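Peer 1: Need the 3D shape of this:
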Amino acid sequence: MLRRLADEADWWRIRDLIIDTFDATPRGWNWDIRRWDGSRFHNAIVTPVETLATTVALADDSTGRLLGAVHDDGRGQAVFELRPGARTLEPELLDWAETHLALPGADGTRRLAMTVYDDDAERRALLERRGWAPTDEGGWIRTMSLAPARAPLTHPPAGYAIRTTHRDASDAERMASLLNAAFRRTIHSAAEYTTFMERSPSFDEGLNLVAVAADGTFAAHVGLSLDRRNHHAIVEPVATHPDHRRRGLARLLLLEGLRRAQDAGAVSADVETGDAPAGNALYEAVGFGGARRMREWRSPALPSSSEAPDGSSARMRRSSDRPRPGTSRT
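Peer 2: All right, here's what the predicted structure looks like:
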């Protein structure tokens, strides 16, 4: 039986599940901790528990041990976090997601999406039985070993300097401008990035690298987070301003970030990317392999909120153009 997220402790229990299952599951089985933290802390204000209670449900066993959870990603996408032996929960998790997380589309019908790996036959079969269908939209998760030791930072191109970000208003403003330009968005703000720097448990100032142009603007950025219990690094995001591409800045920052992560104890790293050839070529060139293909699946039209099995109404979420955490662009 699922229950709604009740308090702050529940949020941390899901985070611990993500860490606990890392070695026992395929890459991408659950979210990484940077994505989990970012979904709450990469906002102008930290998402309160009261809000999460409408979008997160948990499943415990008879002893109170957390077996899994279901939540959204802010764009009408359902996400499962599961222990590897708890797949029998998936139909119940999907029931809850279809009831509580679907959003109305342009035609007024409620629909839901979910990212599924092509090699996950069991989840694909579950969605097919419900009338869901795959799309061509998707991406890859790539992994690499951080052995042997990596070379130190090489000199950046003329006119650029490499440094880590500072926890101040100026850097937060410049980071928001870079993210908006690199990802063709308007949603990022200095307030959002300040919250992330100050409150996210996976933010690591020493691994948050930028290339600074001669005029002081941020030309490129690569951020890494460490899952220290699993000695694992997460690369997110990789972003280069359109005016500063094709100068090798992202590659330079990526290699330096991986070297620093290795010095901090990481033995492996992951990165998620879309289908853009340039980004995938970059990750392959620096040693990311083991790629797993994921794609978005979409539900058929779902019952209206008044027809939901428990009588609850579908809540309105923030704008569906909110980026899915984990999207990188070079």
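
Peer 1: hey, where'd the helices end up in the stretch 1-150 of the chain?
Peer 2: 8-20, 33-41, 49-52, 90-100, 121-129 (DSSP state H, counting those that start in this stretch).

Peer 1: can you check the stretch 201-330 of the chain too?
Peer 2: According to DSSP H, counting those that start in this stretch, the stretch 201-330 of the chain carries its helices in the segments 249-263, 277-286.

Peer 1: ok, and for stretch 264-276, which residues are buried?
Peer 2: Within stretch 264-276, the residues scored as buried using 16 or more other CB atoms under 10 Å are 266, 268-274. For glycine as for every other residue, the C-beta is placed from the backbone atoms N, C-alpha and C.

Peer 1: Of those, just say which sits nearest to Val235.
Peer 2: Each of the buried residues of stretch 264-276 was checked against Val235 using CB to CB; the closest is Val271, at 4.0 Å.

Peer 1: How about the closest one, nearest residue that isn't a chain neighbour?
Peer 2: If the residues on either side of it in the chain are set aside, Val271 comes closest to Val235, at 4.0 Å by CB to CB, 6 or more residues apart in numbering.

Peer 1: sorry, back to before: among the buried residues of stretch 264-276, which pair sits farthest apart?
Peer 2: Farthest-apart pair in the buried residues of stretch 264-276 is Ala266 and Gly274; separation 23.9 Å (CB to CB).

Peer 1: Pull the contacting residues for the residue lying closest to Arg40 once chain neighbours are set aside.
Peer 2: Closest residue in space to Arg40, ignoring its immediate chain neighbours: Thr47 at 4.6 Å, by CB to CB, 6+ apart. Neighbouring residues of Thr47 by CB atoms under 8 Å, 6 or more residues apart in numbering: 39-41.

Peer 1: mind putting the residues you listed in JSON lines, distance to Ala261 included?
Peer 2: Formatted as JSON lines, the contacts of Thr47 follow (distance: CB to CB, whole Å):
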{"residue": "Ser39", "distance to Ala261": "22"}
{"residue": "Arg40", "distance to Ala261": "23"}
{"residue": "Phe41", "distance to Ala261": "20"}
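
Peer 1: quick one, the lengthiest strand in the chain and helix 277-286 angle?
Peer 2: Using DSSP state E to assign secondary structure, the strand with the most residues in the chain is strand 133-145. Using axes from the mean of the first three to the mean of the last three CA atoms, to 10 degrees, the direction of strand 133-145 lies 30 degrees away from that of helix 277-286.

Peer 1: For strand 133-145, name the packing helices and strands.
Peer 2: strand 268-273, helix 277-286, strand 289-298 (3 or more CB pairs under 8 Å, 6 or more residues apart in numbering; DSSP states H and E).

Peer 1: rewinding a little: between the helices of the stretch 201-330 of the chain, which one is closest to Leu126.
Peer 2: Ranking the helices of the stretch 201-330 of the chain by proximity to Leu126 (CB to CB) places helix 277-286 first, at 28.7 Å.
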